[in-house]
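Engineer: What would the 3D arrangement of this be:
(4 chains, ligands or ions: 4)
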Amino acid sequence: MSSPANPDKPQSGRVLKYVDALREAVAQEMRLDPSVFVFGLDVDDHKGIQGSTKGLVDEFGPDRVFTTPLSEDAMTGVAIGAAVAGMRPIHVHIRMDFLMLSMNQLVNIAAKSHYMYGGQVTVPMVVRGIIGKSWGQGAQHSQGLYSFFMHVPGLKVVAPSNAFDAKGCMIQAIRDNNPVIFVEHRLLYNTDAYVPEEVYTVPFGKARVLTKGNDITVVGISNMVQEALRAADLAREVGIHAEVIDPISLSPLDIDTIADSVARTGRLLVIDNDWVMCGAGSEIAASIAERLSGTQKIQIQRMGFAPTSCPPTPELEAAFYPNPRTIGEMMHKMVRPTDARWSPDEARTKLAYQLQFRGPF
Amino acid sequence: MSSPANPDKPQSGRVLKYVDALREAVAQEMRLDPSVFVFGLDVDDHKGIQGSTKGLVDEFGPDRVFTTPLSEDAMTGVAIGAAVAGMRPIHVHIRMDFLMLSMNQLVNIAAKSHYMYGGQVTVPMVVRGIIGKSWGQGAQHSQGLYSFFMHVPGLKVVAPSNAFDAKGCMIQAIRDNNPVIFVEHRLLYNTDAYVPEEVYTVPFGKARVLTKGNDITVVGISNMVQEALRAADLAREVGIHAEVIDPISLSPLDIDTIADSVARTGRLLVIDNDWVMCGAGSEIAASIAERLSGTQKIQIQRMGFAPTSCPPTPELEAAFYPNPRTIGEMMHKMVRPTDARWSPDEARTKLAYQLQFRGPF
Amino acid sequence: MPANVRRNQRIATVQTIGRLWRENVTQGHQLDLTGLARVYRMLRLIRRAEERVADIYPSDKIKSPVHLSIGQESAAVGVCDALNPEDIVSGTYRGHATYIAKGGDLNAMFAELYGKVTGCAKGKGGSMHLIDMAHNVLGTSAVVGTTIPMGLGVALAAKRRNQKKVVAVFFGDGATEEGVFYESLNFAALHKLPVIFVLENNGYAIHEPQVKRWATDRMCERVETYGIPTTLVADGDVLAIRDASVKYADRARRGDGPGFIEARIYRWREHVGPGLDFDQGYRSEKEFEPWAARDDVERIGRMLPSDIRAKLDREVEADVEAAVDFAETSAFPQLEELYHNVLAR
Amino acid sequence: MPANVRRNQRIATVQTIGRLWRENVTQGHQLDLTGLARVYRMLRLIRRAEERVADIYPSDKIKSPVHLSIGQESAAVGVCDALNPEDIVSGTYRGHATYIAKGGDLNAMFAELYGKVTGCAKGKGGSMHLIDMAHNVLGTSAVVGTTIPMGLGVALAAKRRNQKKVVAVFFGDGATEEGVFYESLNFAALHKLPVIFVLENNGYAIHEPQVKRWATDRMCERVETYGIPTTLVADGDVLAIRDASVKYADRARRGDGPGFIEARIYRWREHVGPGLDFDQGYRSEKEFEPWAARDDVERIGRMLPSDIRAKLDREVEADVEAAVDFAETSAFPQLEELYHNVLAR
Ligand SMILES: Cc1ncc(C[n+]2csc(CCOP(=O)(O)OP(=O)(O)O)c2C)c(N)n1
Ligand SMILES: Cc1ncc(C[n+]2csc(CCOP(=O)(O)OP(=O)(O)O)c2C)c(N)n1
Ligand SMILES: [Mg+2]
Ligand SMILES: [Mg+2]
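Structural biologist: Ligands and ions are numbered 1, 2, ... in the order given. From the prediction side, this is the model:
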């Protein structure tokens, strides 16, 4: 697979699933810092947010791990208040879509408090939101929407694409003194990677170059990093070498790393886990265009959700998302515009789903 | 001034203020269509949303013009329900910022109903939101936030920059069978233009080229159209000819008109009334880059709010916004990158505020 | 249906329709035999339709998260039986019962669950987004609480047009924790909207019991402070729910504003999906037993002469099988359907 | 203050402190003369500070929308006098009174209104975003209702840390229409948070009277259904408000959860800005008269020996003048301040 597998560098840590990496991060921080607590609908039930909070209530008790009424608006305010008072709440939402009920508190209060109160308070809170996908989740359980939070100064947004970053980013997010919107993709939960047992952080604002290549720069976001890597694998078979970059943190956004790559490849393809219009991909594309398009001819292309609501019926649902085939096709089209259209063969595309990037990082 | 004043074309209509054009549009449509109604906090008081709904209750009565409790979330749902039942509600918010309380209904229901209910219903509603500015409005009364709505398929977004378009877009919005987010800027309310007395519509998805020029394409949004025109006037004095474009409708967005212009000028400057990151300007910049940057070297630049919350203290507040001086400087820098920095002189910048674009259109 | 569930539904003595009918009348219920048969048929139709969904589910033909109302049918049936065809309902993602009870097209519902183009939302809604405007079933939503104010908007339109229509707005106990619920109560009462609020209180939001979410259970008392009359039906009795609905529908049509019904009912199956989940530890089978014992499908069924009941049962089976067939044999939408209906013309 | 307002404040007989003090004790108020003097001083300080703001406003030195509490001081003073310094308040954009009553720095408040760097928010908040964490005044917000749950979060933190602190959460009658208010009542009661909810019910939201916004005015009754004890102070009596606050603060500290006070008060000035607006037609001066007549600043002032009162008045004037001076002579923030404090380190 496309991993920069480096035999010289030992594969540190165990192989751990994304979901377990998240839970481990939270548990470790809760042990270290009594001000950390976890709340939100269903965090304490036997399913534990698809496993990511499972068992936490047993170790830390119901004062530190508790469900709430269905009151996203007020609960976000409670998180902000607790954070202002010096606690470090982790507020969990099983779908990003439900954050629409928290927008007033997040945009009008959380993002602005440090600034509009002249620095007198900080709001160290983490808001976890999961992007749903597949099995007919439908229009209201499948949205990305993280560009909303990128848009507003005062918020940080991260979207780790693998278990290693999930743990490191979560610890970083908990320790951060700002509100951090933590974007998780449901389909990543079962993916695994080498994850150190010890406590570590992944810094925000530093992108990771996952594969080296000189033909095209492909930026994937969240789960689309995985899809981009699969597409890159397929494209390599026809001699196209993609540099796949994972921004990890969307705000702050490491444009430098992407710009360095694009300056070399002359081509940028951004694969978003969200709609294209005014999305994270627009920001990346626009920033690169500002930096580079006056100095050289670069090709820029965005991909993301179809410009529709997400339909549940299987074939339409599949067509709603970018996938290794459509990404591979686009890479080929950008790199070899005059060649006949190329499409990875179906069987190989399916196989690609068995590939998975495990690090080391 | 920079108006494409065309002596051959008669200046039709009266000179009317933006605020009065809005009110006239609504009143005319209410006379024509009994299903149109206006509601929202304070629409029926003696101030009438800075005049824009003043007197409507007298003509149409409290069944068709009524205030509401402070319940933005539910009231948005009420608007959606009424629209589904075939009414044409106009839901008024005196600040865009308060729409954060309506996000769940707008994003999860209004935008998706036509699609996720398989076309069985339509949601013909208008949501009016005013962008506040000046006199220390501060962080929570000054936001643009319209890129949120551009991001979501199923919503339309318009931001007319002058009285003529305000009337025509309002009538179009009322007649549109989709939810339309109608973005108004408070500082535009007192600007006037030639506005026909009769009922007319301004189509969505068609940008307007306000000044012709070959040096640089400047896209302004909402009030920033006015600022861009002022800047263009100043820049013309040093021989820089800008093509100022007003997209009018942000979703659908007429990229063709902008792209045609940029293909000619080779330079795009977008001035947003909002933050830059993942904003409307990002969308425009990214779309142009996708279309053109692979074929020619174009320069792209975005301007918008400072990446901070809006501070009320006067000097910082002034620095928070793009203005004819900073826009003019940027135009010069882009067109003559190797020249010494140029800045319009202070007195002329101030004078520019007396200029105003009145059409004809 | 699993054996343990079915066992609990069987109540000892088989009683005659005569005696029950008298009791029923004594309790003030307005239903004649035809009415009872209608109510039974509907209860049974919902039960069987959902049991069929549960049967089919393991085949993966239904790729849509299903929230079954099995055991809770009485709320939808009690309310909808009191409504006129031109009245309107607004339900939730747990909406099969409301949809069917209001007369929603059963074929189109099954087709929607299958993701077929003949589905009520052309396969673009799924189980959580049922709709049938021809039968005045508003679209349901997967975001809790969202459809409450939408129902009010429809009621407002009806009122402004003097249409004497009533809108029954269904929601769960979890939904009452969302602020929008209180905003809606206030607005409906302020504008005397023709609304029947129907709280389907099954005591759980997913796996969380009410005691972890509600400070008190004085809901009806609270709603009364808005000037809204309320009725608590603590045992979910379909006939008592129907009575209250008749009363509030009349009141609403007179222009006197909304009424509120709290129907305490019980969810027999897991929150989402086809199975039972008493082995999961968050609730006990003991809690379930009394509800199983007073199952309204059985209870009302026993009020009918056995031949009538048998005939209705056969009809129901036929209806359900026809719907399944319809779904099975319908086509999936064409790919271009992805891009249709994003914007209305 | 305009003459017509002042006229109404003058009540006929000057009464002796002794008699009033006895009456006061009879009514169960716990205040000795020192306490009364403290309450008076605070009422007067708020009144005079805001009158000063109104005086200055036409000069355009204060470029910030001001929402004055003139006439409504008793709610903030009654509650805050019952609190300890380590207790906390959460106020609204009409927040000068809360800020001052809780001991917020007056100089920093005036400087904030002037947009000076010495302001409590360095000029980056303005009148609607006052804050003084050193005196446990949480930041106020221009979006109605937003600070209610924030207060709860602070109370949750205090409770988890066993700090025995109480958080008084202020909000207007308009704010109670926002769903977040009910979500907050439920959560505070459910978790027995140490909160005093203080409804400053002035009967208006901007120009809209309550009758156009509330279905009924049975607010206390409604709040009681959450298991929250309530007190209605229909005449806005500062001492009655103080009594209720003492009671609820004790209760909250004992761990028994929140209390609720509805203080009916009256806004004398326009919604935003320095002026009177009885000529605007949305409310009548008649409505205002009884409130002007029972003005608590005057009423409590009359309970004090005149020499004490005169001394307090002089102190207040000096405080206010010092604050104005401080604001006038302070610097505006440097331009680079625009970019500071966007993100915390
Ligand atoms: C706004 C929102 N928050 C959370 C969820 C996740 N969720 C789905 S169903 C549910 C429980 C709702 O409980 P209730 O209203 O009692 O309805 P029931 O499922 O019991 O019929 C929750 C929390 C959601 N869909 N929407
Ligand atoms: C969420 C929201 N909606 C609307 C407004 C506009 N607005 C500002 S103050 C106000 C009235 C609030 O009334 P109330 O809560 O009674 O407080 P009061 O001004 O009477 O003290 C309104 C509607 C706002 N600031 N925030
Ligand atoms: Mg429930
Ligand atoms: Mg008020």
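
Engineer: Not counting sequence-adjacent ones, nearest residue to the residue of the stretch 51-200 of chain C found nearest ligand 3?
Structural biologist: Of the residues in the stretch 51-200 of chain C, the one nearest ligand 3 is C:Gly172, at a distance of 3.8 Å by C-beta to the ion. Just so you know, the C-beta spots here come from the backbone N, C-alpha and C atoms, and that holds for glycine as well. Nearest non-adjacent residue to C:Gly172, counting by C-beta to C-beta, 6 or more residues apart in numbering or on different chains: C:Glu200, 5.4 Å away.

Engineer: swap in C:Glu208?
Structural biologist: Using C-beta to C-beta, 6+ apart, the closest residue to C:Glu208 is A:Thr67 (5.1 Å).

Engineer: Count residues in the vicinity of the one you found, would you?
Structural biologist: A total of 23 residues lie near A:Thr67 under the criterion other C-beta atoms under 10 Å in any protein chain shown.

Engineer: wait, is the residue nearest to C:Gly172 part of a strand?
Structural biologist: Yes - C:Glu200 forms part of a strand when assessed by DSSP: H, G, I helix; E, B strand; the rest coil.

Engineer: Per-residue confidence, it, what does it come out as?
Structural biologist: Looking at C:Glu200, its pLDDT is 98.

Engineer: I figured it hits C:Ser74, correct?
Structural biologist: No - using C-beta atoms under 8 Å as the test, C:Glu200 is too far from C:Ser74 to be in contact (9.6 Å).

Engineer: more neighbours, the two?
Structural biologist: Counted by other C-beta under 10 Å, C:Glu200 and C:Ser74 do not tie: C:Ser74 has more neighbours, with 32 against 27.

Engineer: before we move on, the earlier item: which residues sit in contact with the residue of the stretch 51-200 of chain C closest to ligand 3?
Structural biologist: C:Thr92, C:Arg94, C:Val144, C:Leu199, C:Glu200, C:Asn201, C:Asn202, C:Ala205 (C-beta atoms under 8 Å, 6 or more residues apart in numbering or on different chains).

Engineer: Ligand 4 versus the fifth one, what's the distance?
Structural biologist: Using C-beta to the ion, to the nearest Å, one obtains 35 Å as the distance from C:Glu200 to ligand 4.

Engineer: Any idea what that residue is bridged to?
Structural biologist: C:Gly172, C:Ala263 (DSSP bridges).

Engineer: Tell me who's in contact with it.
Structural biologist: With C-beta under 8 Å, 6+ apart, C:Glu200 has these contacts: C:Gln72, C:Ala75, C:Thr92, C:Arg94, C:Phe170, C:Phe171, C:Gly172, C:Asp173, C:Ala263, C:Ile265.

Engineer: Next one: the last one relative to B:Ala74, how far apart?
Structural biologist: For C:Ile265, the distance to B:Ala74 under the criterion C-beta to C-beta, to the nearest Å works out to 25 Å.

Engineer: Mind checking which of the two has more residues around it?
Structural biologist: Using other C-beta under 10 Å as the criterion, C:Ile265 and B:Ala74 rank with B:Ala74 on top: 33 against 29.

Engineer: quick one: the more buried one and C:Leu185 touch, right?
Structural biologist: No - assessed by C-beta under 8 Å, B:Ala74 is found out of contact with C:Leu185, at 9.2 Å.

Engineer: ok, A:Val127 - how many residues close by?
Structural biologist: A:Val127, neighbours per other C-beta under 10 Å, totals 27.

Engineer: So it lies in a helix, does it not?
Structural biologist: No - using three-state DSSP, the secondary structure at A:Val127 is strand, not a helix.

Engineer: Which residues does it form beta bridges with?
Structural biologist: A:His91, A:Ile181.

Engineer: can you pull the contacts of it?
Structural biologist: Neighbours of A:Val127 in contact, by C-beta under 8 Å, 6+ apart: A:Thr76, A:Ala79, A:His91, A:His93, A:Leu99, A:Ser102, A:Leu106, A:Pro179, A:Val180, A:Ile181, A:Phe182.

Engineer: residues contacting the third one?
Structural biologist: I take that to be A:His91. A:Phe39, A:Gly40, A:Met75, A:Thr76, A:Ala79, A:Met125, A:Val126, A:Val127, A:Arg128 are the contacts of A:His91 under C-beta under 8 Å, 6+ apart.

Engineer: Quickly list what the first one is bridged to.
Structural biologist: The residues paired with A:Phe39 through beta bridges, assigned by DSSP bridges, are A:Phe66, A:His91.

Engineer: hang on, the earlier thing: pick the one among the contacts of A:His91 closest to B:Ala280.
Structural biologist: A:Val127 (24.9 Å; C-beta to C-beta).

Engineer: Run a quick neighbour tally on the closest residue to C:Ala188 other than its chain neighbours.
Structural biologist: Spatial nearest neighbour of C:Ala188, chain neighbours left out: C:Pro258 (4.4 Å); criterion: C-beta to C-beta, 6+ apart. Using other C-beta under 10 Å, C:Pro258 is surrounded by 30 other residues.

Engineer: thinking again about what came up before, find me the pLDDT at the residue of the stretch 51-200 of chain C closest to ligand 3, would you?
Structural biologist: Per-residue pLDDT puts C:Gly172 at 98.

Engineer: Likewise for the one 10 residues further on?
Structural biologist: Per-residue pLDDT puts C:Tyr182 at 98.

Engineer: Please apply the same query to C:Gly18.
Structural biologist: Reported pLDDT for C:Gly18: 43.

Engineer: Show the contacting residues for the residue in the stretch 201-350 of chain A that chain D sits nearest to.
Structural biologist: When scored by C-beta to the nearest C-beta, the stretch 201-350 of chain A has A:Pro252 as its residue closest to chain D, at 8.4 Å. By C-beta under 8 Å, 6+ apart, the contact list for A:Pro252 reads A:Lys156, A:Phe204, A:Gly205.

Engineer: go again using 6 Å as the cut-off
Structural biologist: By C-beta atoms under 6 Å, 6 or more residues apart in numbering or on different chains, A:Pro252 lies in contact with A:Phe204, A:Gly205.

Engineer: Please tell me how far it sits from C:Gly179.
Structural biologist: A:Pro252 is 33 Å from C:Gly179, by C-beta to C-beta.

Engineer: next one: A:Gly138
Structural biologist: Applying C-beta to C-beta to A:Gly138 and C:Gly179 gives a distance of 24 Å.

Engineer: Tell me the one of the contacts of C:Glu200 nearest C:Glu317?
Structural biologist: C:Gln72 (21.2 Å).

Engineer: thought the closest one was touching C:Arg264?
Structural biologist: No - look at C:Gln72 against C:Arg264 with C-beta atoms under 6 Å: they stay out of range, at 10.1 Å.

Engineer: From what I see, C:Met128 and C:Val143 are in contact.
Structural biologist: No - C:Met128 lies out of contact with C:Val143 (C-beta under 6 Å); the separation is 9.3 Å.

Engineer: Which parts of the stretch 151-300 of chain C are strands?
Structural biologist: Along the stretch 151-300 of chain C, counting by DSSP state E, counting those that start in this stretch, strands occupy C:167-172, C:195-201, C:204-205, C:208-209, C:230-233, C:259-264.

Engineer: now the residue nearest to A:Asp45 when sequence neighbours are not counted: how far from ligand 4?
Structural biologist: Leaving out its chain neighbours, the residue that sits closest to A:Asp45 by C-beta to C-beta, 6+ apart is C:His207, at 4.1 Å. C:His207 sits 41 Å away from ligand 4, going by C-beta to the ion.
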